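J.: what would the 3D arrangement of this be:
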Amino acid sequence: MSHLRFAEPANRASWRRRIATLAVMVAPAAWLPATSFAAVEFVTPVGTCNRVDTPSDGKDLSVQAGQNLRFEVWGDGIDVNPSVRWTVDGGPDDDLVKARIVRPHSGVENLGRGCKIAKGSVEVEVDSPDEAGATRQRSLWFRMPLGDESRLQMRVVPFRTPVWTFADERPAQGAAFFRRALTQTPADCLTKSGGTVVRDLNDSRMTITLPPGANSDTSNCTLEFRTSVSPADSPEIDIQQEFGYTVTSPAHMRLVSGDNKARGALATRVVRFTGDVANIRNTRATRTSTLTIATPNPNKSDTLTLVINPPATANGFTQGCVCRNAQTGDTINVNDAFQCEIRLSQQPPAGGQLISMAAQDRLCVAAGASPPVTYSSASGLGSFTAPSTSTFHQIPMRALGGTTSAGTPCASRTSPVAHTLKFWVGQRAAESGPAYTQCQIRIRQP
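T.: All right, here's what the predicted structure looks like:
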């Protein structure tokens, strides 16, 4: 075995100085820990071991724009660094991005958290303007134990423009649950008897046309509007955080609390509103409202349009007619009287409201006694003037026996014969819409 030997100089003091100098030079090499080549090794969200970036993966760490965005940088000996230095990789606007170390974690501490390995880490917090309109580049430099630095390249991704639509909520696989973009409880309580809901312009507009009588309708009704917001595009992003969309809406739509929270920068969210039913029903002229949803960058926003039209006609039926005899119901004995009940959406004017009528077979019914009804058995057509006293009216009629114009019996002893009566608000017109209704009786031969 060979040994390293040093010749003693004549001057013993000089020899001692040389030995001391050599000891100083050798000592760091003898005691230097494994961190001499330490560097940034990988990046994770804070407190997890989901590695989202490594310096050798050929891409920059990408983070969402915004304030106080945190991630964790890992590497042997990195926990000795009290601060982070940054340099600009792009234009002057990149200098608006700031970074700082908010908490170090030693290798011993990390055995019980995060990746559960004996490796140091630091939590880094980044601030960048919410209103950034373009990607910004930064290099973060972490000082290592011997004073050298390790570089982490980072880019800040701006908020993406949202795409907002009125959207149905479809059930998950195997489920039967389905919700429309406008849910009415009870069903059709706002648009019953002639109202409509139409979506168009790629579901960015909803048009509600109220039915006749909506202005005076006080029945129970609950409305829920459903909208869906998605990003216009989906760039790669490693670190993101929850944010709240800023939502503005008209007075007759109220945001359901909490539904405007995005679980991550690129999350698709269902945003719900409740409708003010009384306010909507009181619409007297067309109302057009704009709803807006925006990310923390107010320049990244999208809109929806809600149009509410008043009732399409001046008057109409709020429900189907019902023809009945007080004792026998909708089965009427020959020669017995019966009443056809109608309900109008509005109280008739002072001169009354014309109600036109027609019978399925002109020979099987006749006009009742009071109030007066005009009816022709030759044509099967008739009319009734609804007085201005109410929206509820009874039209008197009478069932007949004999034969129909086709020669078949109007009534039967064993199987009562069905007959349809039709009514219109105003003159006879199309057999559809809120100004039309029909109902049925059966005539029995006693």
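
J.: tell me the buried residues in stretch 424-442?
T.: Across stretch 424-442, burial judged by 16 or more other C-beta atoms under 10 Å covers W424, V425, G433, P434, A435, Y436, T437, Q438, C439, I441, R442. Bear in mind the C-beta positions are built from the backbone N, C-alpha and C, glycine included.

J.: can you put the residues you listed in CSV and add pLDDT?
T.: Converted to CSV, the buried residues of stretch 424-442 look like this (pLDDT from 0 to 100):
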residue, pLDDT
W424, 95
V425, 93
G433, 81
P434, 82
A435, 87
Y436, 92
T437, 95
Q438, 96
C439, 95
I441, 97
R442, 97
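
J.: restricted to strands, list those residues.
T.: Secondary structure of those is defined by DSSP state E; positions in strands are W424, V425, Y436, T437, Q438, C439, I441, R442.

J.: near P298, how many other residues are there?
T.: The number of residues packed near P298 is 12, by other C-beta atoms under 10 Å.

J.: got a list of what it touches?
T.: E131, T246 (C-beta atoms under 8 Å, 6 or more residues apart in numbering).

J.: gap between it and G120?
T.: For P298, the distance to G120 equals 40 Å [C-beta to C-beta, to the nearest Å].

J.: who does S289 bridge with?
T.: L306 (DSSP bridges).

J.: so where's the stretch 1-150 of the chain shaky on pLDDT?
T.: 1-38, 81, 88-94 (pLDDT under 70).

J.: out of the ones in strands among the buried residues of stretch 424-442, which is nearest to T207?
T.: Each of those was scored against T207 by C-beta to C-beta, and Y436 proved nearest at 22.3 Å.

J.: for that closest one, which non-adjacent residue is spatially closest?
T.: Spatial nearest neighbour of Y436, chain neighbours left out: W424 (5.5 Å); criterion: C-beta to C-beta, 6 or more residues apart in numbering.

J.: same check, this time on Q153
T.: In space, Q153 is closest to D60, 4.4 Å off (C-beta to C-beta, 6+ apart).

J.: my guess is the one you found meets M154, correct?
T.: Yes - using C-beta atoms under 8 Å, D60 is in contact with M154, at 5.9 Å.

J.: now do the shared contacts for those two.
T.: With C-beta under 8 Å, 6+ apart as the test, D60 and M154 both reach Q137.

J.: who's more crowded, the two?
T.: Between D60 and M154, counted using other C-beta under 10 Å, the more crowded position is M154 (25 against 20).

J.: next one: that one from A278, what distance?
T.: For M154, the distance to A278 equals 53 Å [C-beta to C-beta].

J.: the protein: helices as residue ranges?
T.: Using DSSP state H, the helices found in the chain span residues 12-31, 107-110, 277-281.

J.: just the pLDDT at the spatially closest residue to L223 that is not a sequence neighbour, thanks.
T.: Leaving aside its chain neighbours, L223 sits nearest to G275 (3.2 Å; criterion: C-beta to C-beta, 6+ apart). We note a pLDDT of 97 for G275 in this prediction.

J.: show me the contacts for G275.
T.: So G275 contacts L182, L190, L223, E224, F225, H252, M253, R254 (C-beta under 8 Å, 6+ apart).

J.: quick check: the fourth one touching V277?
T.: No - here E224 does not reach V277: they are 11.0 Å apart, not a contact under C-beta under 8 Å.

J.: show me which residues of stretch 270-284 are buried.
T.: V271, R272, F273, G275, V277, I280, R281, N282, T283.

J.: burial measure for V322, as a count.
T.: V322: 16 neighbours (other C-beta under 10 Å).

J.: wait, it sits on C439?
T.: Yes - at 5.7 Å, V322 counts as touching C439 under the criterion of C-beta under 8 Å.

J.: between the two, what contacts are shared?
T.: Common contacts of V322 and C439 (C-beta under 8 Å, 6+ apart): C340.

J.: I figured D79 hits V108, correct?
T.: No - contact criterion C-beta under 8 Å: D79 and V108 do not qualify, at 9.8 Å.

J.: and these two? Which one has more around it.
T.: D79 (23 against 10).

J.: let me see the contact set for the more buried one.
T.: With C-beta under 8 Å, 6+ apart, D79 has these contacts: P104, H105, S106, G107, G120, S121, V122.

J.: how about S228?
T.: Here S228 is in contact with W164, T165, A167, T268, R269, V270, V271 (C-beta under 8 Å, 6+ apart).

J.: nearest to F384, of those?
T.: Ranked by distance to F384 (C-beta to C-beta), these are led by A167 at 46.0 Å.

J.: and that closest one, how far from G275?
T.: Per C-beta to C-beta, A167 is found 16 Å from G275.

J.: alpha carbons of stretch 306-319, as CSV, please.
T.: Taking C-alpha atoms only, stretch 306-319 is exported to CSV below (Å, rounded to 0.1, in the frame of the first residue of the first chain):
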residue,chain,number,x,y,z
LEU,A,306,-83.1,35.9,-22.4
VAL,A,307,-86.2,37.2,-24.2
ILE,A,308,-89.6,37.2,-22.5
ASN,A,309,-92.6,37.9,-24.7
PRO,A,310,-96.0,38.8,-23.3
PRO,A,311,-99.0,36.6,-24.2
ALA,A,312,-99.3,36.2,-27.9
THR,A,313,-103.0,36.8,-28.0
ALA,A,314,-105.3,39.2,-26.2
ASN,A,315,-107.4,36.4,-24.6
GLY,A,316,-107.4,32.6,-24.6
PHE,A,317,-108.3,29.5,-22.6
THR,A,318,-106.2,28.8,-19.6
GLN,A,319,-107.3,25.1,-19.5
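
J.: please name the nearest non-neighbouring residue to A167.
T.: Counting by C-beta to C-beta, 6+ apart, the residue nearest A167 is S228, at 3.8 Å.

J.: how about T248?
T.: Nearest to T248 is T292, by C-beta to C-beta, 6+ apart, at 4.7 Å.

J.: that neighbour: neighbour count?
T.: T292 has 15 neighbours, counted by other C-beta under 10 Å.

J.: from what I see, it and Y245 are in contact.
T.: No - in this structure, T292 is not within contact of Y245 by C-beta under 8 Å, at 9.7 Å.

J.: residues contacting the residue nearest to Q153?
T.: D53, Q137, Q153, M154, R155.

J.: for the stretch 301-446 of the chain, give me the ranges with low pLDDT.
T.: The stretch 301-446 of the chain contains residues with pLDDT under 70 at 312-314.

J.: quick one: R113 from G77, how far?
T.: Distance, R113 to G77, using C-beta to C-beta: 18 Å.
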